[in-house]
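Asker: Have a look; sequence and predicted model below, questions after that.
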Amino acid sequence: MTTSPPRTNAHAAVQAEASARTMRAIVQHVYGTADTWSLSEIDHPVIGAGEVLVKVHSAGLDRGTWHLMTGMPYAMRLGLGFHRPKTPVPGLDLAGTVAAIGDDVTRFQVGDAVFGIGKGTFAEFAAVREDKLALKPANLPFGQAAALGVSGSTALRAVTDAGRVEAGMKVLVIGASGGVGSFAVQIASALGAEVTGVCSGAKADFVRSLGAQHVLDYRSDDVTDGSATYDVILDIAGNSSISRLRRALTPRGTLVIVGGEDGGNLTGGMDRQVRALAISPFIGQRIAFVLPKEHHSFLERLTTLVEAGTLVPAVERTYPLNEAATAMEQLVAGQVRGKLVISI
């Protein structure tokens, strides 16, 4: 079990740094591409009750940050700001050191090494809700820990909670080389499943290294032609129709839809999920969804897997804060194996 570190003079230094009035951060004032991001000097965040001020060492990059950057699909803007982002600093994942705690915070002390999910993490400091943080796995550096939160939690819930994967099952992971997929392959393999990963041919060796017994190239292999069927399909790529995916399921198999990138500018991948809900009561196969849900209980489950050596965040490259836009462009281009991280 991960425990809090002893107090040191370094912790006093963190507190002193946190008392400064300004910090460096990536800032975005309009929706758009990574060109809208700029490195600026802004005021420190102010924490409230139940919040923790984290000195950010590293921040992870994920598709959720891309959606927040572009404001797409448009339905997202109802809660995030219609014309411009309510939170001008992008970034969700982080790993760092607790610099201050707000009222009612009981799980952390100043100096604790933590990781989790917040808002505005592409900055030197971020205010994060206590219930979205956990102590950093003892065997991970900050860079890898920063890659865990969003993608790791999503993969964990997709494999275990939604997919109910067990030993001996045949599992198909579509989008196996990406952030969520790279975690899903490892978790399903650790549970004893026979995992087939779908990715581009150039990333096949990477997916095998994660534990997949079989790898298919989405450019040349039709994974839904019915020649092979699976007990569980995790669709992370989000661009196949439900009818096609069902052809690759066993009669009582489970399809897990993880997000979605297609479906139009208004609602995005939610269109497909609505259709799935409509047909679910009339078929023998099971359709499940993984929607955003952030809580320290998922982070602590990930920590158990990491400290046992079962799960290793695959970080392809780390960028400095002033090159965050370049990192996002690489992610959008689909060139990434696993995760990208921003070093603060």
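Answerer: Perfect, thanks for sending it. Note that the structure is predicted; figures quoted are calculated from it, not measured.

Asker: Give the buried residues for stretch 219-235.
Answerer: For stretch 219-235, a neighbour-count test (16 or more other CB atoms under 10 Å) marks 223-224, 230-235 as buried. Using the backbone N, CA and C atoms, a C-beta is placed for each residue, glycine as well.

Asker: okay, now the domains of the chain?
Answerer: What automatic domain parsing lists as the domains of the chain is 9-148+313-343, 151-290.

Asker: and residue 196, how many residues sit next to it?
Answerer: When neighbours are defined as other CB atoms under 10 Å, residue 196 has 24 of them.

Asker: residues contacting it?
Answerer: For residue 196, the contact set (CB atoms under 8 Å, 6 or more residues apart in numbering) comprises 170-173, 212-216, 223, 228, 230.

Asker: about what we covered before: can you say which of the domains of the chain is nearest to residue 300?
Answerer: Residue 300 lies closest to domain 9-148+313-343 among these, at 5.1 Å (CB to CB).

Asker: rewinding a little: nearest to residue 38 among the contacts of residue 196?
Answerer: Nearest to residue 38 out of the contacts of residue 196 is residue 173 (CB to CB; 36.6 Å).

Asker: that's a strand at residue 284, yeah?
Answerer: No - counting by DSSP: H, G, I helix; E, B strand; the rest coil, one finds residue 284 to be coil, located in no strand.

Asker: So it sits against residue 251, correct?
Answerer: Yes - in this structure residue 284 lies within contact range of residue 251 using CB atoms under 8 Å: 5.5 Å.

Asker: tell me the contacts of residue 193?
Answerer: 165-171, 232.

Asker: Can I get stretch 26-38 in CSV, CA atoms only?
Answerer: Provided in CSV are the C-alpha atoms of stretch 26-38 (Å, rounded to 0.1, in the frame of the first residue of the first chain):
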residue,chain,number,x,y,z
ILE,A,26,-0.8,27.0,-21.5
VAL,A,27,-3.8,29.2,-22.2
GLN,A,28,-6.6,29.0,-24.7
HIS,A,29,-9.2,31.8,-25.1
VAL,A,30,-11.1,30.4,-28.2
TYR,A,31,-12.0,27.0,-29.5
GLY,A,32,-10.0,25.6,-32.3
THR,A,33,-6.8,23.8,-33.1
ALA,A,34,-3.6,23.6,-31.1
ASP,A,35,-2.7,26.9,-32.7
THR,A,36,-5.0,28.5,-30.2
TRP,A,37,-2.6,27.5,-27.3
SER,A,38,0.0,29.9,-26.0
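
Asker: Run through who's touching it.
Answerer: Applying CB under 8 Å, 6+ apart, the contact partners of stretch 26-38 are 39-40, 42, 69-72, 77, 84-85, 88-91, 122-123, 321, 324-326, 328-329, 332.

Asker: how does it look with 6 Å?
Answerer: Contacts to stretch 26-38, defined as CB atoms under 6 Å, 6 or more residues apart in numbering, come from residues 40, 70-71, 84-85, 88, 90, 122, 324-325, 328-329.

Asker: Same question for it: list its buried residues.
Answerer: 26-28, 31, 34, 36-37.

Asker: now, among these, which is nearest to residue 316?
Answerer: Compare each of the buried residues of stretch 26-38 with residue 316 using CB to CB and the shortest gap goes to residue 34, at 17.5 Å.

Asker: Any regions of this protein where pLDDT drops low?
Answerer: 1-20, 72-82, 260-278, 280-282 (pLDDT under 70).
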